[in-house]
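Participant: everything below, folded, please.
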Amino acid sequence: MGECERLQEVLERIKRACDRAGRDPKGVTLLGATKTVPPERIRRFYECGLKVFGENRAQEFLRKYEALKDLAIDWHFIGRLQTNKVKYLMGRVSLIHSLDRESLADEIQKRAQKAGIVQEVLIEVNVGGEETKGGVDPENLKRLTEYTLSKPNIRVIGLMAIPPYREDPEEVRPYFARLRDLKEELEREFSMDLPHLSMGMSHDFEVAVEEGATIVRIGTLLFGERRY
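Facilitator: Presented below is the predicted three-dimensional model:
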């Protein structure tokens, strides 16, 4: 199956999930998760109509950013972010999905201020309480949100989560619903609008869409199995 066919198949599955949930498919952004995917394949998917891509590692992102500078790609950063890598993202990525601690907020604020920009971010929440994953614990989410809202060069526009993997995507549904509930709690608490929920990957994105995802991060279904 070629790149364009793969892309259309995923878009059709998003549309069907939206139909089941009574949602407009235009409210869901498909992000191509391109860890280990070479620039030439990203270029082919771009030519098929995919415009949003997300990288997990700053150094790998920089190489691809330079190789594809002639394209109007909307780059996101979706991986765990070390503070010493923030400087490489400023002015290059439109959205950071993985803000999860105050020290990272401090660094993003410092670098964004220096670059003269307001950096949009999602706060990552560890909805499954897994030690191997990043994300703020749900009970500390309000405190981190309040802290980040005090930073003039950061704009919080939603939440992100990577829930525990389950063979049956239905078993992941409660985690997606939990993230949506947390978003709504923050909106009430801080009288703010958080338009985005970044949740759902290749094996469970349809359930995520049914539960309110606005960004789904798809790797394997688009690019095939990869060696990490």
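
Participant: contacts and neighbour counts: CA atoms only from here.
Facilitator: OK.

Participant: just confirm residue 12 is within a strand.
Facilitator: No: assigned with DSSP: H, G, I helix; E, B strand; the rest coil, residue 12 falls outside any strand and is helix.

Participant: ok, it to residue 199 distance?
Facilitator: Per Cα to Cα, to the nearest Å, residue 12 is found 18 Å from residue 199.

Participant: do residue 130 as well
Facilitator: As judged by Cα to Cα, residue 130 and residue 199 stand 16 Å apart.

Participant: tell me which of these two has more neighbours.
Facilitator: Taking neighbours as other Cα atoms under 10 Å, residue 130 and residue 199 compare with residue 199 leading, 26 against 13.

Participant: confidence score at the more buried one?
Facilitator: Here, the pLDDT recorded for residue 199 equals 98.

Participant: with residue 1 instead?
Facilitator: Reported pLDDT for residue 1: 81.

Participant: number of residues surrounding it?
Facilitator: 6.

Participant: ranges for the strands of this protein?
Facilitator: If DSSP state E is used as the criterion, the strands of the chain fall at 29-33, 52-55, 74-77, 95-99, 119-124, 154-160, 196-198, 215-218.

Participant: any weak-confidence spans in this protein?
Facilitator: Across the chain, the ranges flagged by pLDDT under 70 are 226-228.

Participant: ok, now with 90
Facilitator: 1, 225-228 (pLDDT under 90).

Participant: which residue ranges of it form helices?
Facilitator: Taking DSSP state H to define them, one finds helices in the chain at 3-21, 39-48, 58-67, 102-115, 141-149, 173-190, 205-210, 220-223.

Participant: which stretch among these comes nearest residue 161?
Facilitator: Of all those, it is helix 173-190 that lies closest to residue 161, at 7.3 Å by Cα to Cα.

Participant: now do the closest one: everything it contacts.
Facilitator: 125, 127-128, 138, 142, 158-161, 163, 192-194, 197, 199, 207-208, 211-212 (Cα atoms under 8 Å, 6 or more residues apart in numbering).
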